[in-house]
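A.B. asks: structure here, sequence nowhere to be found:
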């Protein structure tokens, strides 16, 4: 299957059709800006589900948009939002009791929870952590709003990119 026929924006069929019409290069340029804002919206919704007392968990929530550099998806724009995504913070400072607390490297403990744990050397019980499905809850309540944003913003973004491409082409012909 040629690359331009693959769905570029999975889950939003109307946008897929528009992106196929303009081609991968222009479609990706248009999608990058829209997806960056949509992923940012998703990250905000996830952060809103985190209690204010857990600032370190909130800091570890982020978003990113990247153009794939190699492999089967080479040149395709991908966006994601969630825990441990995006720019990394400075190295975490040690806690008062020797632990680092919840940071990007172990935020999955907070989200997925843990079983009862014990120290390997002393056998001391270190407890367990209940799960907090903040990502699922945020997307269940705000996912439709994000998809609606993508549908609404994709056409104007494509039109802007097509105009820019036409101007570049005219400049080259002069």
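C.D. replies: Nice, I can see it. None of the values given here were measured: they were computed from a predicted structure.

A.B. asks: could you give the mean pLDDT of the longest helix anywhere in the chain?
C.D. replies: The longest helix of the chain (DSSP state H) is helix 134-173. Averaged over helix 134-173, pLDDT sits at 86.

A.B. asks: now do the strands in this structure.
C.D. replies: 61-67, 77-83, 117-118, 125-127 (DSSP state E).

A.B. asks: ok, back up a step: buried ones in the longest helix of the chain?
C.D. replies: 134-135, 138-139, 142, 146, 150-151, 153-154, 157-158, 161-162 (16 or more other C-beta atoms under 10 Å). To be clear about C-beta, it is placed using only N, CA and C from the backbone, and glycine gets the same treatment.

A.B. asks: in this protein, which segments are predicted with low confidence?
C.D. replies: For the chain, applying pLDDT under 70 flags the ranges 1-11, 89-100.

A.B. asks: on that earlier part again, as JSON lines, the buried residues of helix 134-173 with distance to residue 29 would be great.
C.D. replies: As requested, those are arranged in JSON lines below (distance: C-beta to C-beta, whole Å):
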{"residue": "134", "distance to residue 29": "32"}
{"residue": "135", "distance to residue 29": "28"}
{"residue": "138", "distance to residue 29": "28"}
{"residue": "139", "distance to residue 29": "26"}
{"residue": "142", "distance to residue 29": "26"}
{"residue": "146", "distance to residue 29": "20"}
{"residue": "150", "distance to residue 29": "15"}
{"residue": "151", "distance to residue 29": "18"}
{"residue": "153", "distance to residue 29": "14"}
{"residue": "154", "distance to residue 29": "12"}
{"residue": "157", "distance to residue 29": "8"}
{"residue": "158", "distance to residue 29": "9"}
{"residue": "161", "distance to residue 29": "5"}
{"residue": "162", "distance to residue 29": "10"}
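
A.B. asks: between which two of these is the distance greatest?
C.D. replies: Maximum pairwise distance in these, criterion C-beta to C-beta, is 38.6 Å, between 134 and 162.

A.B. asks: hmm, back to that, and the angle for the longest helix of the chain with strand 77-83?
C.D. replies: Angle, helix 134-173 to strand 77-83, by axes from the mean of the first three to the mean of the last three C-alpha atoms, to 10 degrees: 150 degrees.

A.B. asks: and stretch 12-31, how far out from the chain middle?
C.D. replies: Here stretch 12-31 is found 19 Å from its chain centre; the criterion is C-alpha atoms, centre = their mean, to the nearest Å.

A.B. asks: now do stretch 105-115
C.D. replies: 19 Å.

A.B. asks: I figured residue 82 hits residue 61, correct?
C.D. replies: Yes - using C-beta atoms under 8 Å, residue 82 is in contact with residue 61, at 6.9 Å.

A.B. asks: done for today, thanks.
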